[in-house]
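Peer 1: Kindly generate the corresponding structure for this input.
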Amino acid sequence: MKTDTLVSPVSTQVAPVIITALTLKPKRIVLLSTPKVEKFTRQIERVLGYKGLKVEVREIEPYNSSSIERAVSDLKGALYLLNCGTKYTAINLFKLFPENSFYYLPDGKIVKFDGTLVAQAPENLLSVELHAAAYGFKIIGQRDNLGEVESRARLTFKIAKNRTYQRILSRLYHEAKITFFPPELSSLFKKVKGGYEPVDREYIGGKWLEEFVFLSLKNKGFHDLRLGVKVEWFDTGVQNEIDVVGVKNNRFYLFSCKTEKNIANLTEHLYEIEELTERIGGDFGKGHLVLLSQFISKEPPSREDFPNAPKGGYYQCRKEWEKYRRTEEGRKYSEEEAKYRRYRALKKRAELLGIKILTERDFLEGGLSVW
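Peer 2: Below you'll find the model as predicted:
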């Protein structure tokens, strides 16, 4: 659909306005703004201006119907995007222009309120930079050694598939010098006097997982994908680092990778992921925490794996359980049970925050088709 004028109220959610404007490419874009959302208005202007679209800003009183009507009284035949602004503003504009009002959906469809399709947004409108800029961030750095990342991709996937390698690297990360490592990992170490040292301590300390996630996502349809990104709020100096970020179908995806098992730290880290995802990705952003599967269990210990476990519950068979837990099998049962409880507690908190928890096994087993 072609239109001369696109009108949209402004709120903290700016992506729908930008994506719709870049899809419809109107001659004029009118933003209905208030002092409260002036910062977000500037962000929309910055991105659309960069793309060569003309933006006009008109101030309204968002809870005054007369103010809203006056602001658009001269805009004959305009289309009205009602994702943003206050509900009161949206309702008033819909009453004034029911046939010309529409909405942007997360799957990229631009539809009228009766479900009629107006347009389908192209999937590659926003890059990581543009998405970040739309929400007030700028990219100030990212890992640029992608050639090296690609060259050791086979080794990275070997580590992801082998829990023994993962444990060895974790242990060696904390040692200044070592005297032994599996031959398959020889490229990660260099000979020095009295033993060996890691060639890249950051890689064996956990960067391998970030690279694994990045490499695994390359063929998942992401329009733009970045590794080790540093972002900064415009004009503030406040910075954040994100392990892996990408844009697919104009939605922002954030991945934070952790090779530790401290549940207290991970729970706290969920809030950081949620805040960054919301601030840079808006309502349609998706945050992920990627953990090593050796530290969590998605299912409780099974009877098949632990045939000698008491048949009754702990409180009904307390003495039997205490005796069982002192056996070799019982100790392994307790470890698996602890990993399951750890995961269950973490998942519950993550779901409340809209964060998805993944492991390297999810990537290896192809459990990412939902994207």
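
Peer 1: roughly how far apart are A90 and T20?
Peer 2: Distance from A90 to T20, counting by Cβ to Cβ, to the nearest Å: 14 Å. Where C-beta positions appear, they are placed from N, C-alpha and C, glycine not excepted.

Peer 1: W233 reaches F137, doesn't it?
Peer 2: Yes: when contacts are counted by Cβ atoms under 8 Å, W233 is listed as touching F137 (6.1 Å).

Peer 1: out of the two, which sits in the more crowded spot?
Peer 2: For the pair W233 and F137, the greater number of neighbours falls to F137 (24 against 14), based on other Cβ atoms under 10 Å.

Peer 1: Identify the bridge partners of the residue lying closest to that one once chain neighbours are set aside.
Peer 2: Computed as Cβ to Cβ, 6 or more residues apart in numbering, the closest residue to F137 that is not its neighbour in sequence is V231, at 4.5 Å. Judged by DSSP bridges, the bridge partners of V231 are I139, N240.

Peer 1: Next up, the contacts around V231.
Peer 2: Contacts for V231 were tallied using Cβ atoms under 8 Å, 6 or more residues apart in numbering; they are 132, 137-140, 239-242, 280.

Peer 1: Span of stretch 18-29 from start to end?
Peer 2: 10 Å (Cα to Cα, to the nearest Å).

Peer 1: what does that stretch rub up against?
Peer 2: For stretch 18-29, contacts defined as Cβ under 8 Å, 6+ apart pick out 1-8, 44, 47-48, 51, 53-56, 79, 81, 104, 108, 110, 119-122, 125-126, 130, 134, 250.

Peer 1: The residues you listed in strands, which ones?
Peer 2: Counting by DSSP state E, the part of these found in strands is 5-8, 55-56, 79, 81, 104, 110, 119-120.

Peer 1: Including pLDDT, neighbour count and distance to S293, could those go into CSV?
Peer 2: Formatted as CSV, these follow (pLDDT from 0 to 100; neighbours: other Cβ atoms under 10 Å; distance: Cβ to Cβ, whole Å):
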residue, pLDDT, neighbour count, distance to S293
T5, 95, 19, 53
L6, 97, 25, 47
V7, 97, 25, 50
S8, 97, 27, 44
V55, 96, 18, 48
E56, 97, 11, 53
L79, 96, 24, 49
L81, 97, 25, 43
Y104, 96, 27, 37
I110, 96, 22, 40
A119, 95, 16, 42
Q120, 96, 12, 38
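
Peer 1: I'd like those residues laid out as a markdown table, including distance to R163.
Peer 2: Formatted as a markdown table, these follow (distance: Cβ to Cβ, whole Å):
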| residue | distance to R163 |
| --- | --- |
| T5 | 59 |
| L6 | 53 |
| V7 | 56 |
| S8 | 51 |
| V55 | 53 |
| E56 | 59 |
| L79 | 55 |
| L81 | 50 |
| Y104 | 44 |
| I110 | 47 |
| A119 | 48 |
| Q120 | 44 |
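
Peer 1: Pull the most distant pair out of the residues you listed.
Peer 2: Largest separation among these by Cβ to Cβ: E56 and Q120, giving 26.3 Å.

Peer 1: So what touches the helix or strand of the chain with the lowest mean pLDDT?
Peer 2: In the chain, the helix or strand scored least confidently by mean pLDDT, DSSP states H and E is strand 195-198, which has a mean of 85. Here strand 195-198 makes contact (Cβ under 8 Å, 6+ apart) with 172-173, 176-179, 181, 188-190, 204.

Peer 1: The stretch 51-200 of the chain: helices as residue ranges?
Peer 2: Secondary structure of the stretch 51-200 of the chain (DSSP state H, counting those that start in this stretch): helices at 65-72, 87-96, 128-134, 146-151, 153-161, 163-173.

Peer 1: quick one: which helix or strand includes L289?
Peer 2: Here L289 sits within strand 286-291, counting by DSSP states H and E.

Peer 1: strand partners of that strand, parallel vs antiparallel please.
Peer 2: In the sheet, strand 286-291 lines up with strand 251-258 (parallel), strand 355-359 (parallel) (DSSP bridges).

Peer 1: Of those strands, flag the one that's most buried.
Peer 2: Stretch with highest mean neighbour count among the strands paired with strand 286-291: strand 251-258 (a mean of 23; mean count of other Cβ atoms under 10 Å).

Peer 1: Quick check: the gap between the closest residue to E69 other than its chain neighbours and S73.
Peer 2: Spatial nearest neighbour of E69, excluding adjacent residues (Cβ to Cβ, 6+ apart): L96 at 6.4 Å. Applying Cβ to Cβ, one obtains 9 Å for the distance of L96 from S73.

Peer 1: Between the two, tell me which one has more neighbours.
Peer 2: Set side by side, L96 and S73 show more neighbours around L96, with 15 against 9, by other Cβ under 10 Å.
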